[in-house]
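J.: coordinates only, sequence not included:
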Ligand SMILES: [Zn+2]
């Protein structure tokens, strides 16, 4: 165990085990409190989506047409109406829909939320025909992994004084909140692009403007859940990191301190 560090003529005292533990507990609490706000971001979206069950008929035909209009039927894109899948997944219940790039399949309950389908075709357009969109969709998963690692690294103790020479790991520790936020950025951007393309496609199928307007509202709320997740993750990791810094970073012995004892 090191008793003191010296940098540039300053002396630093390492923190006690007790300080480290306190920091770890506080940092964990702060980040889970921030992550606890997440359901609030998703609420407006889920609320509207449930309402859409009642006016599904207005969107259903246009959605079915949209696969052909997008030209992706020729690329093997298929819709699996989730109402035929015998499980209680969110998709089957009409609480969500998703596109699988691996099989080029959209899983959606077309008896409930056809309105969400255009967005899923938007994902397929990004993945199959897109350039930037394709890059973004490939970055989604690695981005989650990076963000997850940042949450872990934020809770590491800071053994070096602030003024000590920094290496790559120190840079990551100092910026883990920002990096975690960046990890979510490809997802947020790709979701936004999928919605943009979905709306454009819906117009091409001849869907009327008031219906488009309603769809845009839903898609904006969906985007808010992703943007909220990105922001909350960045803030949670950043707060944990700040607390760990405060509790575990070696303390500088201030020169003025000597006067007190002289
Ligand atoms: Zn999406």
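T.: Structure's in. What do you need? Bear in mind the structure is a predicted one, so any value in this text is a computation, not a measurement. Numbering: from 1, shown residues only.

J.: how about the strands in the stretch 1-150 of the chain?
T.: Ranges of strands in the stretch 1-150 of the chain, per DSSP state E, counting those that start in this stretch, are 5-7, 10-13, 78-81, 98-100, 105-108.

J.: per-residue pLDDT of residue 84, please?
T.: What the model reports as pLDDT for residue 84 is 69.

J.: how far off centre is stretch 94-108?
T.: Relative to the centre of its chain, stretch 94-108 is centred 19 Å away, using Cα atoms, centre = their mean, to the nearest Å.

J.: how about residues contacting that stretch?
T.: The contact list for stretch 94-108 (Cβ atoms under 8 Å, 6 or more residues apart in numbering) reads 46, 49-50, 53, 72, 75-82, 85, 90-91, 109, 111-114, 116-117, 119-121, 123-124, 127-128, 137. Every residue, glycine included, has its C-beta placed from N, CA and C.

J.: and the closest residue in space to residue 22 that isn't next to it in sequence, what does it touch?
T.: Leaving aside its chain neighbours, residue 22 sits nearest to residue 247 (5.7 Å; criterion: Cβ to Cβ, 6 or more residues apart in numbering). For residue 247, the contact set (Cβ under 8 Å, 6+ apart) comprises 15, 19-20, 22-24, 26-27.

J.: could those go into JSON lines alongside pLDDT?
T.: Compiled in JSON lines, the contacts of residue 247 are given as follows (pLDDT from 0 to 100):
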{"residue": "15", "pLDDT": "92"}
{"residue": "19", "pLDDT": "95"}
{"residue": "20", "pLDDT": "95"}
{"residue": "22", "pLDDT": "96"}
{"residue": "23", "pLDDT": "97"}
{"residue": "24", "pLDDT": "96"}
{"residue": "26", "pLDDT": "97"}
{"residue": "27", "pLDDT": "97"}
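
J.: which ones among these map onto helices?
T.: If you go by DSSP state H, the contacts of residue 247 have 19-20, 22-24, 26-27 in helices.

J.: by neighbour count, which of those residues wins?
T.: Neighbour tally across those (other Cβ atoms under 10 Å): the maximum, 24 neighbours, falls on residue 27.

J.: next, the contact list for that residue, please.
T.: Applying Cβ under 8 Å, 6+ apart to residue 27 gives the contacts 154-155, 239-241, 243-244, 247.

J.: what's around residue 91, how many residues?
T.: Residues near residue 91, counting by other Cβ under 10 Å, number 23.

J.: that one and residue 110 touch, don't they?
T.: No - the criterion here is Cβ atoms under 8 Å, and residue 91 misses it with residue 110 at 10.7 Å.

J.: which neighbours do those two have in common?
T.: Common neighbours of residue 91 and residue 110, counting by Cβ under 8 Å, 6+ apart, are residue 82.

J.: ok, residue 48 to residue 217 distance?
T.: Distance, residue 48 to residue 217, using Cβ to Cβ, to the nearest Å: 7 Å.
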